[in-house]
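1. Sequence and predicted model, in that order:
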Amino acid sequence: MTTPPRRPASFPITAEPEHPVHLDAAPRRPRAISDPSSVREAEHDIFDEPDLVTAPPPPATAKRRRSPLTAIFLSAFGAFVSLALGLWAESIISDLFARTEWLGWLAAGLAGIAALALLAILLREFIALRRLKSMEVFRSRGTAVIANNDTKGARALVQDLSSFLSAKPETAAGRRMLSDLHDDVIDGADLMRLAETELLTPLDQRAQIMILDAAKRVSLVTAVSPRALVDLAYVIFEAGRLIRRIADLYGGRPGTLGFIRIARDVLAHLAVTGTVAFGDSLVHQLVGQGLAARLSARLGEGVVNGMMTARIGLAAMETARPLPFNAVRRPGISDFLAALSTFARARRSEQDGDRT
């Protein structure tokens with residue numbers, strides 16, 4: 001007679017199994033489960049855990065709304081300063097008219113020219129802020145269109161994005177192809193992926209070249225500079241120039257206020273993704289410990305500073321890009337590791353050659 005099949009049971013990992021497995025025993029044939037309802041679902045599935053090394057960094061969190069008291073204070077203080085400057089200029093012009101008439105007219109003309117120049121600067125800053133705002137609107141619209149698969153919204157967004165990037169010669173071929181296929185693609189998500197590939201891929205390639213060049217410059221300068229203060233000053237200078245160049249590449253063209261705004265967004269993006277981008281931190285540790293051990297101390301520090309500059313450039317790329325990464329792979333810090341390592345080894349070879 002055959003014995004009935006043993007019912008499945010669960011047991012902790014640390015407990016000894018009821019029937020130990022012998023390596024020399026023949027494999028047992030699997031048996032059918034008599035009562036499927038008795039099978040207990042695992043409480044914790046290790047395969048559901050996200051891969052922290054390859055997981056992309058999350059998008060930046062929504063900005064907090066400012067208090068209206070801050071806006072009221074800034075408006076009132078700005079109006080007060082404007083009145084004080086106006087009264088000061090009027091007093092000087094009146095005194096010059098009282099002394100000599102032509103000096104009064106000269107002062108009035110200079111004040112008028114300064115006022116017109118200030119108005120032109122404010123207008124340029126306002127236009128730059130509007131362009132940065134439009135880039136944020138593009139990203140939010142693109143995310144909504146892909147999520148809802150909105151064909152009508154995708155066509156309108158592609159047309160607006162093509163007009164926005166019309167001054168970029170790198171996007172000429174992509175704009176021409178999208179214009180020819182405007183009515184042929186009926187799926188909104190597919191149209192957005194096509195627009196991202198054709199319009200933004202050339203700009204992404206140029207942005208990565210800019211990031212790599214800036215990282216190489218930082219690596220070289222910090223490797224040969226004698227002072228840590230010089231290193232810090234040059235890293236800040238190169239990071240600021242890289243942020244401005246990347247924003248201009250994607251059509252932002254920020255002014256002074258626009259640069260302050262996008263730099264603040266880049267720092268916020270780094271603050272959000274810095275604690276969860278485990279893959280980037282791992283690469284930093286590998287560079288700081290492994291590569292610096294094979295190179296000189298100064299060259300190792302230069303490579304680490306170059307990787308930090310590359311990370312800032314990637315954050316600027318993520319912030320200034322008109323569309324979120326969807327059809328195109330998001331570049332990571334590991335894309336620049338091999339190039340910087342080769343550059344550092346070449347510098348080490350040059351130093352060894354000079355010593356001999």
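-> Perfect, thanks for sending it. All values reported here derive from a predicted model rather than from experimental measurement. Numbering: from 1, shown residues only.
2. Could you check which helix or strand contains Gly240?
-> helix 228-249 (DSSP states H and E).
3. in terms of contact count, name the helices or strands touching that helix.
-> The helices and strands touching helix 228-249, judged by 3 or more C-beta pairs under 8 Å, 6 or more residues apart in numbering; DSSP states H and E, are helix 201-224, helix 256-273, helix 297-320. Using the backbone N, CA and C atoms, a C-beta is placed for each residue, glycine as well.
4. tilt between that helix and helix 201-224?
-> For helix 228-249 against helix 201-224, the angle between stretch directions is 170 degrees (axes from the mean of the first three to the mean of the last three C-alpha atoms, to 10 degrees).
5. Averaged pLDDT, helix 228-249. What do you get?
-> On average, the pLDDT along helix 228-249 is 87.
6. and that helix with helix 256-273, angle?
-> 110 degrees.
7. Among the helices and strands packed on helix 228-249, show me which one is buried the most.
-> Here the criterion is mean neighbour count by mean count of other C-beta atoms under 10 Å, and of the helices and strands packed on helix 228-249 the winner is helix 297-320, at a mean of 24.
8. So which elements touch it?
-> In terms of contacts (3+ C-beta pairs under 8 Å, 6+ apart), helix 297-320 is packed against helix 201-224, helix 228-249, helix 256-273, helix 278-286, helix 292-294, helix 337-355.
9. I'd like the mean pLDDT over that helix, please.
-> Helix 297-320 carries an average pLDDT of 80.
10. Between the helices and strands packed on helix 297-320, which one is closest to Leu122.
-> Comparison of the helices and strands packed on helix 297-320 against Leu122 by C-beta to C-beta identifies helix 256-273 as nearest, at 9.4 Å.
11. angle of the closest one against helix 297-320?
-> In terms of direction (the same axes, to 10 degrees), helix 256-273 departs from helix 297-320 by 110 degrees.
12. if we can go back for a sec, would you indicate which residues of the helix holding Gly240 are buried?
-> Asp231, Tyr234, Val235, Glu238, Ala239, Leu242, Ile243, Arg244, Arg245, Ile246, Ala247, Leu249 (16 or more other C-beta atoms under 10 Å).
13. Now the nearest residue to His182 once chain neighbours are set aside: phi and psi?
-> Closest residue to His182 apart from its sequence neighbours, by C-beta to C-beta, 6 or more residues apart in numbering: Arg155 at 6.5 Å. Main-chain torsions, Arg155, degrees, to the nearest 10: phi -70, psi -40.
14. What's the separation between Arg155 and Met177?
-> Distance, Arg155 to Met177, using C-beta to C-beta, to the nearest Å: 15 Å.
15. And for Arg124?
-> According to C-beta to C-beta, Arg124 stands 33 Å off from Met177.
16. re the thing from before, OK, contacts around the residue nearest to His182?
-> Each residue near Arg155 by C-beta atoms under 8 Å, 6 or more residues apart in numbering is listed here: His182, Gly188, Leu191.
17. Pull out the buried residues from the residues you listed.
-> For the contacts of Arg155, a burial check counting by 16+ other C-beta under 10 Å picks out Gly188, Leu191.
18. Now tabulate the contacts of Arg155 in CSV and tack on distance to Ile146 and pLDDT.
-> Output for the contacts of Arg155, formatted as CSV (distance: C-beta to C-beta, whole Å; pLDDT from 0 to 100):
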residue, distance to Ile146, pLDDT
His182, 18, 71
Gly188, 8, 80
Leu191, 10, 86
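19. Show only the entries of the contacts of Arg155 found in helices.
-> If you go by DSSP state H, the contacts of Arg155 have Gly188, Leu191 in helices.
20. Mind putting the contacts of Arg155 into JSON lines with distance to Thr201?
-> Output for the contacts of Arg155, formatted as JSON lines (distance: C-beta to C-beta, whole Å):
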{"residue": "His182", "distance to Thr201": "19"}
{"residue": "Gly188", "distance to Thr201": "20"}
{"residue": "Leu191", "distance to Thr201": "16"}
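21. quick revisit: which other residues reach the helix holding Gly240?
-> Under the criterion C-beta under 8 Å, 6+ apart, residues 132, 203, 206-207, 210-211, 214, 217-218, 221-222, 225, 253-254, 258-259, 262-263, 266, 301, 305, 308-309, 312-313, 316-317, 320 lie in contact with helix 228-249.
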